[in-house]
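**Q** my questions concern the predicted model and sequence given below.
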Amino acid sequence: MTGLTGYLADISVLPGAEIAVHLSADKPVEVEMTVVRVEHADGHPLGPGTSISEVDGIGPATVQVRPQRTAPGSHFEVTGGDDHLAARPGRLVWAFVYPTLRFECDQTVVSWNGGDEMALVVDPSGRATVRSVRGSLSIDTPLALHTWHLMVLRFAAESVVLEVRPIVNPYNGRFGPHYFDCGTETVDGEISYPEGGGGQVVRIGAGGTGPEITDAFTGKIGSVGIGLNGVDLDAIAIDPLSAAEGVLAHWIPLPGIDDPGRSMSDRGPGGNDAFSVNLPVGSVTGPHWSGASDRWSLDPGGYAALRYSAEALTDCLWEVASSLKLPDYLPSGVYALSVEAPGDRLLLTFVVRSASPEADVVLVLPTMSYMAEGGRRPGNVHPGVHTQVKAIPAAAYRDFGGSTLDVAADSAGISLASRLRPVAELKPLNRSPDLPIAGRLATDLSILAFLRSTGRSVDVITDEDLDRDGAGALSQYRVAVTGSYPAYASRAMLDAWETYSCRGGRIMYLGGGGFYWLASYNSDRSMVEVRRAESGSRPWQAEPGEYDHFLEDERCGLWRAKGRPPQKVFGVGMAAEGRSSGIPFSRMPDSFHRSVAWVFDGVHGEDVGAKALRPGGTAAMEVDRYDRLLGSPPHARILASAVGLSNDYMKVSEEILFNHPGLSGEEDHQVRADMVMFTTRNGGAVFSVGSSAWASGLPVDNFDNDAARVTGNVLDAFVARGRLRGSRFGDEDDLVGGRGWLSRFRRGTSVNGTG
């Protein structure tokens, strides 16, 4: 094996586009690149096997690949020859610092020329230290973890003075004010240092120069400044936004003002703006947070801080190994760049969308969810969920920054994830990290393979397209189909689905656990932000006051907590999750009503989806439930349900107000999957299957099975023009007229067979 890995600069492109290819290997190697079309990627013996075919007319191309360095560690960098940045006698440097972890090495707060000239650091014992090529000086008392401190370094001709004072109020740290003596500790010493002139490189949060990142910091850093010795630090300690005299450079990380996190303006006379590498996290509480508001937009000074991490990796910054030019004639679909070396093969997925859509059906791949959970670290099994399942060790696992399901070494949740790095979840042959089943992308390819098996023309787009173009990305299609696990959605994406439905579009939600977490993209949609608030099935929770995203001005958490549960648009929403064997669905009384009985044409018996490419059946993993209290349409028909999941399936935590026995799948009737269908305005309709494992049943026996038959019946009816099949049999199916279902709803009469 060569250790071949890589990523593409884009994931969704038009025909004729050019894609930058970033590759690395353990040693220099010659590779051959071709483009393949991916139709199916699950090799399970019950299914049709993998279907990956080479695209004619592209390549092969031979490329030399060499090792490329990956340097994790979030920080800001200032470059230039400005004299305002230099360490000179009569000047001082200050920084607000909130350490959260002790390392076996220094953690750099501020460095000049990679620390070769001078660096202000937290040493392995937690002490504030200044280091230069000609000596070092430390304050004896270690900095308290999870506590704000003001560090000040003053320069004299042949010596320095180092000062530290805690900045503590009842809200801004882990410990209360009564714990601290908030006086200033000072140490001075004769340390000779070179006085920097031109060509200064100042880093905040790390040492090193160029691609080298050394001694990165983990914790928060507030405002950082360089000034003359007369700067009023007492005023800055009270208010970092104060305009103090004598300031030469001042970087204040104000959320919502700078290009979100990418740059940090210098408010000094030199205008030496800082630019981020491995984006530090904004919208976090700073030393001056008073607890008066938990919105950064209402208290900018309280949020003048960024969270840094030595593990952060939001862009590998690898050089381009090659460029891939696509032909203009390439039809819409899922493709991959196949990179082959002796004994090694790498598939890098991308989607070609249609320049002039003519298909009736579009599949929206949930790439935001792939990104958010991409790079998941081995053994990260959610506590309290599927505890009977042991994680499958990943062979030759390489950490590229983790996923938003992971926590960093200081127990802070990882809230940013990027596709500008190798991400296993974006590879079609990837397997689940904790189950012997196909990964999320491969499962969604089963949906694509099924749609194509019906003989229909199908286009493919991604969440990025939906976020960028809104309902316009769907408007030219008769039917829009989701992936199996579209768990994360931005406001623009959810608006697009709802608008499309209101305009008469027909939606097939072929998954579960969908539209659960609010997420945000950065400007080029290469990065996603996810924070977890005080509800939801979550592997970590944001710290107090840090519930706002900074890539977009959005409150984090569940869409349900913002008044937009998925039941409103899709009829069902998250009920439970588990990782043990699934079960089949059983037809419900509604399914025999003549308005919808056609959905089960060709299905024998009352169970559906007993066979799947995962154990047990098609109701498994994340399951969704119909619930009028959360906005499920009263006129929706519950076609089938899966009741009796194992005790490995527990009700989602946001529905548990008090812990008590009887909350598991074998005991709680709300732990179930519901398949529903209902009509919407302007001839629209929604069909939802209520399980993220439904897609694993579609390819069984070469798409000749009851799950595929049900899905195909709905697809045929949804593609057809005019009124939905069966709607003439009941006014309750006509949302526009409303006389039937609305009058019954007002009288309290059941219209869906559930009582």
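**A** Ah, there it is.

**Q** use CA for all of it now, contacts and neighbours both
**A** Will do.

**Q** show me the helices in the chain, by range?
**A** Taking DSSP state H, the helices of the chain run over residues 233-238, 367-373, 440-453, 463-469, 491-502, 567-570, 700-703, 706-719, 739-747.

**Q** tell me which residues of the fourth one come out buried.
**A** If I follow you right, that is helix 463-469. Neighbour-count burial for helix 463-469, counted by 16 or more other Cα atoms under 10 Å, picks out 463-468.

**Q** repeat that for stretch 333-349.
**A** Of the residues in stretch 333-349, 333-341, 345-349 count as buried by neighbour count, 16+ other Cα under 10 Å.

**Q** name the residues that touch that stretch?
**A** Stretch 333-349 is contacted from outside by 1-8, 11, 29-39, 350-353, 426-428, 458-460, using Cα atoms under 8 Å, 6 or more residues apart in numbering.

**Q** again, but for stretch 235-253
**A** With Cα under 8 Å, 6+ apart as the test, stretch 235-253 has contacts from 84-85, 150, 167, 222-232, 261, 264-274, 282, 288, 301, 304-306.

**Q** 7 Å - rerun?
**A** By Cα atoms under 7 Å, 6 or more residues apart in numbering, the residues outside stretch 235-253 that reach it are 84-85, 222-228, 230-232, 264-270, 301, 304-306.

**Q** return the subset of those residues lying in strands.
**A** Using DSSP state E, the subset of the contacts of stretch 235-253 located in strands is 222-228, 264, 306.

**Q** about what we covered before: biggest separation within the buried residues of stretch 333-349, which pair?
**A** For the buried residues of stretch 333-349, the farthest-apart pair by Cα to Cα is Gly333 and Ala341; their separation is 25.6 Å.

**Q** related to what we said a few turns ago, which one of the ones in strands among the contacts of stretch 235-253 is nearest to Phe76?
**A** Nearest to Phe76 among the ones in strands among the contacts of stretch 235-253 is Met264, at 8.0 Å by Cα to Cα.

**Q** for that closest one, which non-adjacent residue is spatially closest?
**A** Among residues not flanking Met264 along the chain, Ala274 sits closest, at 5.0 Å (Cα to Cα, 6 or more residues apart in numbering).

**Q** quick one: contacts for the one you found?
**A** Neighbour list for Ala274: 76-78, 263-265 [criterion: Cα under 7 Å, 6+ apart].

**Q** if I look at it, how far off is Val224?
**A** Distance of Ala274 to Val224, given as Cα to Cα, to the nearest Å: 11 Å.

**Q** my read is that Ser276 contacts Arg262, right?
**A** Yes - proximity of Ser276 to Arg262 meets the contact threshold set by Cα atoms under 7 Å, at 5.2 Å.

**Q** quick one: common contacting residues for these two?
**A** Counting by Cα under 7 Å, 6+ apart, Ser276 and Arg262 have no contacts in common.

**Q** any idea of the mean pLDDT in stretch 369-381?
**A** For stretch 369-381, mean pLDDT rounds to 83.

**Q** please renumber so the chain begins at 899
**A** All set: I'll call the first residue 899, so the last point we hit is now stretch 1267-1279.

**Q** alpha carbons only: can I get it in PDB?
**A** Output of stretch 1267-1279 as PDB, limited to C-alpha atoms (Å, rounded to 0.1, in the frame of the first residue of the first chain):
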ATOM      1  CA  SER A1267     -24.500  15.400   6.400                       C
ATOM      2  CA  TYR A1268     -21.500  13.600   4.800                       C
ATOM      3  CA  MET A1269     -19.400  16.600   5.700                       C
ATOM      4  CA  ALA A1270     -20.800  17.100   9.200                       C
ATOM      5  CA  GLU A1271     -20.100  13.400  10.200                       C
ATOM      6  CA  GLY A1272     -17.100  12.900   7.900                       C
ATOM      7  CA  GLY A1273     -13.800  12.000   9.400                       C
ATOM      8  CA  ARG A1274     -15.400  10.400  12.400                       C
ATOM      9  CA  ARG A1275     -12.800   8.900  14.800                       C
ATOM     10  CA  PRO A1276     -12.800   5.200  15.500                       C
ATOM     11  CA  GLY A1277     -14.600   4.000  18.600                       C
ATOM     12  CA  ASN A1278     -16.800   7.100  18.800                       C
ATOM     13  CA  VAL A1279     -20.000   5.300  19.700                       C
END
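
**Q** what's it in contact with?
**A** Against stretch 1267-1279 from outside (Cα under 7 Å, 6+ apart): 1289, 1291-1292, 1298-1304, 1315-1317, 1321-1324, 1331, 1384-1386, 1426.

**Q** buried ones among those residues?
**A** In terms of neighbour count (16+ other Cα under 10 Å), the buried residues within the contacts of stretch 1267-1279 are 1289, 1298-1304, 1315-1317, 1321-1324, 1331, 1384-1386, 1426.

**Q** all strands for the stretch 999-1148 of the chain, in order.
**A** 1005-1010, 1016-1020, 1026-1030, 1033-1036, 1046-1053, 1058-1065, 1083-1087, 1098-1102, 1117-1126, 1145-1149 (DSSP state E, counting those that start in this stretch).

**Q** now swap in the stretch 1249-1398 of the chain and tell me
**A** Counting by DSSP E, counting those that start in this stretch, the strands of the stretch 1249-1398 of the chain are 1259-1263, 1314-1316, 1356-1360, 1377-1380, 1386-1387.

**Q** can you tell me what sits against the second one?
**A** Pointing back at strand 1314-1316 there. With Cα under 7 Å, 6+ apart as the test, strand 1314-1316 has contacts from 1212-1213, 1269-1270, 1301-1302, 1424-1428.

**Q** change it to 10 Å
**A** 1176-1179, 1210-1214, 1266, 1268-1273, 1298-1303, 1321, 1418-1420, 1423-1429, 1449 (Cα atoms under 10 Å, 6 or more residues apart in numbering).

**Q** the third one too?
**A** Identification of contacts with strand 1356-1360 by Cα under 10 Å, 6+ apart yields 909-911, 1229-1232, 1248-1252, 1255-1266, 1346-1347, 1349-1350, 1371-1372, 1375, 1377-1381.

**Q** who does the longest strand along the chain touch, helix- and strand-wise?
**A** Ranked by residue count and defined by DSSP E, the top strand of the chain is strand 927-938. Strand 927-938 sits against strand 949-952, strand 959-963, strand 1220-1223, strand 1231-1239, strand 1242-1250, helix 1338-1351, with contacts defined as 3 or more Cα pairs under 10 Å, 6 or more residues apart in numbering; DSSP states H and E.

**Q** what's the angle between that strand and strand 1242-1250?
**A** Counting by axes from the mean of the first three to the mean of the last three Cα atoms, to 10 degrees, strand 927-938 points 50 degrees away from the direction of strand 1242-1250.

**Q** and strand 927-938, how far from the chain's centre?
**A** From the chain centre to the centre of strand 927-938 is a distance of 27 Å (Cα atoms, centre = their mean, to the nearest Å).

**Q** and for stretch 1348-1356?
**A** With Cα atoms, centre = their mean as the basis, stretch 1348-1356 stands 30 Å off its chain's centre.

**Q** do the same with stretch 1053-1062
**A** 44 Å.

**Q** end to end on it, go ahead and measure it.
**A** Termini of stretch 1053-1062 sit 15 Å apart (Cα to Cα).

**Q** if you average pLDDT over that stretch, what comes out?
**A** Mean predicted confidence for stretch 1053-1062 is 88.

**Q** and if you look at stretch 1409-1419?
**A** In the prediction, stretch 1409-1419 has an average pLDDT of 97.

**Q** likewise stretch 1105-1112?
**A** Average pLDDT, stretch 1105-1112: 87.

**Q** domain ranges for the chain?
**A** 903-968+1215-1246, 973-1206, 1256-1645 (automatic domain parsing).

**Q** give me the number of residues near Gly1102?
**A** Heads up, residue 1102 is Ile, not Gly. Close neighbours of Ile1102, defined as other Cα atoms under 10 Å, add up to 27.

**Q** wait, doesn't it sit right on Ser1009?
**A** Yes - the pair Ile1102 / Ser1009 is scored as a contact, 6.7 Å apart, by Cα atoms under 10 Å.

**Q** buried subset of the contacts of strand 1356-1360, written for PyMOL?
**A** Of the contacts of strand 1356-1360, the buried ones can be selected in PyMOL as follows, counting by 16+ other Cα under 10 Å:
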select buried, resi 909+910+911+1229+1230+1231+1232+1248+1249+1250+1251+1252+1255+1257+1258+1259+1260+1261+1262+1263+1264+1265+1266+1346+1347+1349+1371+1372+1375+1377+1378+1379+1380+1381
